[in-house]
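Trainee: Kindly return the folded structure for what I paste below:
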Amino acid sequence: MLSPTIGLLPLYIALYDDALPELRYAFDDFRTEVEAGFARQGIEVVAAPICRVRSEFAAALEAFRRAAVDGIVTLHLAYSPSLESCALLAAMPQPILMLDVTPDAAFGRDVDPQRLLYNHGIHGVQDLAAMLRRMKKDYHVIAGHLSDPSVMRRAGEFARGAKAAGALAVTRALRVGPSFSGMGDFAVEPDVLRRRLGIAVEEIALEALEADVVAVPEADVAAEMARDLAAYDADVPAAVHARSARLGLGLRRYLERGGYSAFSMNFLAFDRAEGPLSTVPFLECCKAMARGIGYAGEGDVLTAALVGALAAGFGDTSFTEMFCPDWAGGTVFLSHMGECNPAIAAGRPRLYEKEYPFTAAQNPAALACAPRPGPATLVNLSPGPDETFRLIITPVELLDDGTHPDLVNAVRGWFRPPMPTAAFLEAYSQLGGTHHCALTLGHHVEGMLAFARQAGMEGCVIE
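Mentor: Here you go, the predicted structure:
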């Protein structure tokens, strides 16, 4: 998974080069400080040279296009006349962040008037913002001094949101089997997903996987099993492990060949008692999420695409469901049948044989784990009326693992919402949240809001 990348665009005015040619060099340390601030946030920077006139802006933006940056950040070193850059910026597909910062933290009544030359970029921000609004180009603004750590933290969140929005808009999602019969909350017509969010959906029958599964060499199965035994605490019969590994490798091959960044399966579609498709690929669903592939259960390609987009922008993300309220403890229990992202596990996941009574399929190998305790963000993508979508964002605290001995073979987790459990669940359903969610480690409210805005969705925060 690649880090989010921004194009850093320093804006300046040719007038100063004519009258004060040495002045531009006074901003070198300032530009370096901004670049270092992004690097500390895990954001890659493609830095343009100082731009003053239209031709220089055009060359910089073309370089950003070739580098496929996720977002563009303007850095206003001085006043820069907006007509030199606004039309070019408005034509760029990437989201824009205007970083409204200056070298000096103080500009009070005792200021040396010469410092005006170094700290007046804010009215260049205002000129450009007014023109971008007139041109109907959306933009973000973050203002403050770099000594405030929240400034670059928020700028990093913009970049992560931009990466996630870009990933969502090019999602190719695979559905294995039909959606679970009767589940309506996540059901959206494929043409709506493509038109409104950019998600392309392909549905296949189970039989479409057979050739890839049969083609998996025995040596590959053995190597995959060895990797599993090294990564997980295993208590699984070799035959159960082998059939799950083989099916998983075939599914992986199909996903990679088709360029899919997300997938979902209906576990009831896996109904064969014999042959290469005679189990359910829960194990590969887990591993795919650890590789950054989006996943959701029951044929829900919408949430699968969300999981993949958030993984691209924000890192470790898992599909999950809210299962049970803990009214007494003020928490909510998370789980699912056999799918979790082992990359977010608190300890070594357990690999075991899962009893599977739902179809004729044989028992699969599955993973069980709990997420690491600490801050996290619960995210839901809710379809609304008239082809609209709402992103519901909740900052939560993940708790320590459970204590009951029988939990060892369960996908489990508990979170504490930012308000009493009853009030949280009321607010969540009042907003129309579906029963499928994404869970991302870390608090990323501002980044998720940026993602929603850039993806053309309403963002709602429960806090």
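Trainee: Name the helix or strand for the residue positioned nearest the centre of the chain, please.
Mentor: In the chain, the centroid-proximal residue (C-alpha atoms, centre = their mean) is Leu310; its distance is 1.3 Å. According to DSSP states H and E, Leu310 maps onto helix 301-314.
Trainee: between the helix or strand following that helix and helix 301-314, how many degrees?
Mentor: Sequence-wise, the next helix or strand downstream of helix 301-314 (DSSP H and E) is strand 317-326. Between strand 317-326 and helix 301-314, the angle comes out at 110 degrees (axes from the mean of the first three to the mean of the last three C-alpha atoms, to 10 degrees).
Trainee: what residues does strand 317-326 touch?
Mentor: 289, 295-297, 303-304, 307, 310-311, 332-336, 339-341, 344, 371, 378, 413-414, 421-422, 425, 435-441 (C-beta atoms under 8 Å, 6 or more residues apart in numbering). All C-beta spots, glycine's among them, are computed from the backbone N, C-alpha and C.
Trainee: Just the ones of these in helices?
Mentor: 289, 303-304, 307, 310-311, 421-422, 425 (DSSP state H).
Trainee: Give me the ChimeraX select line for the contacts of strand 317-326, limited to the buried ones.
Mentor: The ChimeraX selection below is limited to those of the contacts of strand 317-326 classed as buried (16 or more other C-beta atoms under 10 Å):
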select :289,295,296,297,303,304,307,310,311,332,333,334,335,336,339,340,341,344,371,378,413,414,421,425,436,437,438,439,440,441
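Trainee: Let me know the closest of the ones in helices among the contacts of strand 317-326 to Ala162.
Mentor: Leu310 (12.8 Å; C-beta to C-beta).
Trainee: In contact with the closest one, which residues are there?
Mentor: So Leu310 contacts 164, 317, 379, 438, 440, 451 (C-beta under 8 Å, 6+ apart).
Trainee: The residue lying closest to the first one once chain neighbours are set aside and Leu398, how far apart?
Mentor: This means Ala164. Spatial nearest neighbour of Ala164, excluding adjacent residues (C-beta to C-beta, 6 or more residues apart in numbering): Gly313 at 2.9 Å. To Leu398, Gly313 is 20 Å away according to C-beta to C-beta, to the nearest Å.
Trainee: higher neighbour count, these two?
Mentor: Gly313 (29 against 23; other C-beta atoms under 10 Å).
Trainee: wait, isn't that one in contact with Ala167?
Mentor: Yes - the criterion here is C-beta atoms under 8 Å, and Gly313 meets it with Ala167 at 6.5 Å.
Trainee: Now name the helix or strand holding the closest residue to Phe64 other than its chain neighbours.
Mentor: Spatial nearest neighbour of Phe64, excluding adjacent residues (C-beta to C-beta, 6+ apart): Gly7 at 3.6 Å. Assigned by DSSP H and E, Gly7 belongs to strand 5-11.
Trainee: Convert that strand to PDB, retaining C-alpha atoms only.
Mentor: Output in PDB follows, covering the C-alpha atoms of strand 5-11 (Å, rounded to 0.1, in the frame of the first residue of the first chain):
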ATOM      1  CA  THR A   5       1.000  11.800  -2.100                       C
ATOM      2  CA  ILE A   6       0.400  15.500  -2.400                       C
ATOM      3  CA  GLY A   7       1.700  18.100  -4.800                       C
ATOM      4  CA  LEU A   8       3.100  21.100  -2.900                       C
ATOM      5  CA  LEU A   9       2.600  24.300  -4.900                       C
ATOM      6  CA  PRO A  10       4.400  27.400  -3.600                       C
ATOM      7  CA  LEU A  11       2.800  30.600  -4.900                       C
END
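Trainee: elements contacting whatever helix or strand comes next after it?
Mentor: Counting by DSSP H and E, the next helix or strand C-terminal to strand 5-11 is helix 14-19. If you count contacts as 3 or more C-beta pairs under 8 Å, 6 or more residues apart in numbering; DSSP states H and E, helix 14-19 packs onto no helix or strand.
Trainee: any idea how far helix 14-19 is from the chain center?
Mentor: In terms of C-alpha atoms, centre = their mean, to the nearest Å, the centre of helix 14-19 is found 43 Å from the chain centre.
Trainee: And stretch 380-392, by the same measure?
Mentor: Using C-alpha atoms, centre = their mean, the offset of stretch 380-392 from its chain centre is 17 Å.
Trainee: first vs last residue of stretch 426-436, how far apart are they?
Mentor: End-to-end span of stretch 426-436 (C-alpha to C-alpha, to the nearest Å): 16 Å.
Trainee: Give me the residues contacting it.
Mentor: Contacts for stretch 426-436 (C-beta under 8 Å, 6+ apart): 185-186, 296-298, 300, 303, 319, 321-322, 380-384, 390, 392, 394, 419, 460, 462.
Trainee: Tell me which of these fall in strands.
Mentor: 296-297, 319, 321-322, 380-383, 390, 392, 394, 460 (DSSP state E).
Trainee: From the contact counts, what lies against the host helix or strand of Leu367?
Mentor: Taking DSSP H and E as the definition, Leu367 sits inside strand 365-368. The contact analysis (3+ C-beta pairs under 8 Å, 6+ apart) places strand 365-368 against helix 238-258, helix 282-290, strand 350-353.
Trainee: Let's see that with 10 Å instead.
Mentor: Strand 365-368 sits against helix 218-231, strand 233-235, helix 238-258, helix 282-290, strand 350-353, with contacts defined as 3 or more C-beta pairs under 10 Å, 6 or more residues apart in numbering; DSSP states H and E.
Trainee: tell me the mean pLDDT for the longest one?
Mentor: The average of the pLDDT scores along helix 238-258 is 98.
Trainee: again with the last one
Mentor: Regarding strand 350-353, the rounded mean pLDDT is 98.
Trainee: do the second one as well
Mentor: Averaged over strand 233-235, pLDDT sits at 97.
Trainee: which helices and strands sit right next to that strand?
Mentor: strand 350-353, strand 365-368.
Trainee: Quickly run through the sheet partners of the first one, with directions.
Mentor: Using DSSP bridges, strand 350-353 pairs in its sheet with strand 233-235 (parallel), strand 365-368 (antiparallel).
Trainee: Give me the distance from the first one to the chain's centre.
Mentor: In other words, strand 233-235. Distance, centroid of strand 233-235 to centroid of chain: 30 Å (C-alpha atoms, centre = their mean).
Trainee: For it, buried residues please.
Mentor: Those would be Ala234, for strand 233-235 by 16+ other C-beta under 10 Å.
Trainee: quick one: contacts of that strand?
Mentor: Strand 233-235 is contacted from outside by 225, 228, 241, 347-353, 365, 367-369, 408-409, using C-beta atoms under 10 Å, 6 or more residues apart in numbering.
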